[in-house]
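Asks: next one to model:
(chains A and B)
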Amino acid sequence: MKKSSKKIDKNIKKFIIVPIVMCIVMCIFTAAVFYPNISFAVSIGNMFLSDKQVDYSKSYENIFVPTDNNSDTIDASEIEFPSINKQFGEIRIDKRNVYAKLFFGDGSVPLRNGAGVYAGSFIPGYGKTILVAGHNNTYFNGLKNVKKGDVVKVSTSYGNYEYKVTSTKIHNADSKKSYDLKADKENLILYTCYPFDELGLTEKRFFVYADKISGPQIVGLYD
Amino acid sequence: MKKLFSIIISALIVCLSCAGAFAAGINSSESSVLSSMRTPANMKGNSVYVPSSYINQAEAYFNTIDMTSAQAGKINGIISQGRSFLQSTGKSSLKELSASERKTLMGYASSAAAVLNLSAAAGSDAEDIKVISKDGEVIVDDSGNIIKTTGAQQSVAPYVAVSVFAVLLSFAGAGVIYSRKKSFVYEEIK
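Replies: Numbers count the residues shown, from 1 in each chain, chains lettered A, B, ... in the order given. I've put the predicted structure just below:
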């Protein structure tokens, strides 16, 4: 009797307690070793397991026609205002090897084919905030080398614009401090996922802030 | 003569279509709608504003159309009804609204969009708003996130659960093997 209860005790130890203790120890060990890569693994997984439908279409309408217009003003009546998913310009930072087609809207079609202006911000020349998104491993990868004083060039069909970089910052994606959509001064904000070169999704964003230095101001916007 | 006539007609059509495409700027009717959108609703003493991102998107669209004063009148009336509805809920913020109240609010937005021959739809939480024109052109596609996450939602929970299960399973197995080996060695010595 004593012998069989001893055997049961031994089996409990062998098949339950030892594995549980080992599991706990190994979980702690695994978490300590792999913690830096957990977000990376999660983001890669999300690329495959996301239930959101992504439009991978490469087709879009292009209303961009390069112009030499470098005047100080342009009348609103001379501009074809872009609608969502239309390419209406180009953006580049020559010094940092950044070049992208510029779209209105920042959904999957614009971001797959270039950089996208958030539709709740404004187009160049409007005198307000221009918020532009781009992918960190393609079109906006070069933002990692951007320095204060660099010049961002934006070409549209109605004028060519230049913006001087004033600062770069890293914010959480949900931080409302990273932009001001009510600003009454023309300012360009470029952002991309951070860290750079990380595949998949990240929680942080790298922001480049720039102020307008040249380009036609749109006039006659309001009756 | 026939040729000349057709050239004039063609030129007229081109000019008219250009006028439509370049219906640039904000006319007084559109200005009145924007100003109506900027007027806060009073919810239990709190001023509740339409987010500036939505107002900016409306302004961007108004730059591509020419709204008539009749349309503006109708839209302003609907916005005003929406404001009165919010006041009547007795809630102090939009977050406190129930699902049915959010639906009612979205109904006002749909009615306002319909005045411009647009259809508006929203997700169950009245976010993820999409406004589409009659010919299928996307006017607004707003997920509520201003800073984008490149199209996928991030959720750690399923990965943590799967990882923990996998780790538990593999190390439980390792524990069993270890124990068996130990008792085997013990029995051999014995």
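Asks: what residue ranges in chain A score low on pLDDT?
Replies: A:1-3, A:33-58, A:199-200 (pLDDT under 70).
Asks: longest strand in it, please.
Replies: strand A:159-172 (DSSP state E).
Asks: could you point out which element follows that strand?
Replies: strand A:187-194 (DSSP states H and E).
Asks: that following strand pairs with which strands?
Replies: Strand A:187-194 pairs in its sheet with strand A:129-133 (parallel), strand A:204-214 (antiparallel), by DSSP bridges.
Asks: what are the bridge partners for the residue positioned nearest the centre of chain A, then?
Replies: Geometric centre of chain A, nearest residue: A:Thr192, 3.0 Å, by C-alpha atoms, centre = their mean. Using DSSP bridges, the bridge partners assigned to A:Thr192 are A:Phe206.
Asks: pretty sure it contacts A:Phe140?
Replies: Yes. Assessed by C-beta atoms under 8 Å, A:Thr192 is found in contact with A:Phe140 at 3.9 Å. (Each C-beta comes from the backbone N, C-alpha and C, glycine too.)
Asks: and for stretch B:67-76, what's in contact with it?
Replies: Contacts of stretch B:67-76 with the rest of the structure, by C-beta atoms under 8 Å, 6 or more residues apart in numbering or on different chains, involve B:Asn27, B:Ser28, B:Ser29, B:Glu30, B:Ser32, B:Val33, B:Ser36, B:Ala112, B:Val115, B:Leu116.
Asks: and these, which of them are buried?
Replies: Burial by neighbour count, 16 or more other C-beta atoms under 10 Å in any protein chain shown: within the contacts of stretch B:67-76 this picks out B:Asn27, B:Ser29, B:Glu30, B:Ser32, B:Val33, B:Ser36, B:Ala112, B:Val115, B:Leu116.
Asks: any idea how far the fourth one is from A:Ile123?
Replies: Counting by C-beta to C-beta, to the nearest Å, the gap from B:Ser32 to A:Ile123 is 23 Å.
Asks: which stretches in the chain count as strands?
Replies: If you meant another chain, say so; for now it's chain A. A:61-62, A:73-75, A:86-93, A:98-104, A:115-117, A:129-133, A:151-156, A:159-172, A:187-194, A:204-214, A:217-219.
Asks: chain B, not that one
Replies: Counting by DSSP E, the strands of chain B are B:41-43, B:46-48, B:118-121, B:129-133, B:138-142.
Asks: how deep is A:Gly220 tucked in, by neighbour count?
Replies: The number of residues packed near A:Gly220 is 15, by other C-beta atoms under 10 Å in any protein chain shown.
Asks: kindly report the same for B:Phe85.
Replies: When counting by other C-beta under 10 Å, one arrives at 15 neighbours for B:Phe85.
Asks: residue contacts, it?
Replies: B:Thr104, B:Leu105, B:Tyr108.
Asks: re the thing from before, so what does the longest strand of chain A touch, helix or strand wise?
Replies: Strand A:159-172 sits against strand A:151-156, strand A:187-194, strand A:204-214, with contacts defined as 3 or more C-beta pairs under 8 Å, 6 or more residues apart in numbering or on different chains; DSSP states H and E.
Asks: where does the record place the domain boundaries for the chain?
Replies: Picking chain A for this. A:1-50, A:61-219 (automatic domain parsing).
Asks: hm, I was asking about chain B
Replies: According to automatic domain parsing, the ranges for chain B are B:13-142, B:154-190.
Asks: returning to what we had before: closest one of the contacts of stretch B:67-76 to A:Ser83?
Replies: Set against A:Ser83, the nearest of those by C-beta to C-beta is B:Leu116 (13.5 Å).
Asks: who touches that closest one in this structure?
Replies: B:Leu116 touches B:Ile65, B:Met67, B:Gln71, B:Ile75, counting by C-beta under 8 Å, 6+ apart.
Asks: again, but for A:Ser71
Replies: Going by C-beta under 8 Å, 6+ apart, A:Ser71 touches A:Gly159, A:Pro216.
Asks: with A:Pro110 instead?
Replies: With C-beta under 8 Å, 6+ apart, A:Pro110 has these contacts: A:Tyr60, A:Asn85, A:Phe103, A:Phe104, A:Gly116.
Asks: beta partners for the residue nearest in space to the middle of chain B?
Replies: Chain B has B:Ile129 as the residue nearest its centroid, 2.4 Å off, counting by C-alpha atoms, centre = their mean. Under DSSP bridges, the beta-bridge partners of B:Ile129 are B:Asp142.
Asks: equivalent analysis for A:Ala133, please.
Replies: Beta bridges link A:Ala133 to A:Gly116, A:Tyr191 when assigned by DSSP bridges.
Asks: that one against B:Lys148, yeah?
Replies: Yes. Counting by C-beta under 8 Å, A:Ala133 touches B:Lys148, with 5.1 Å between them.
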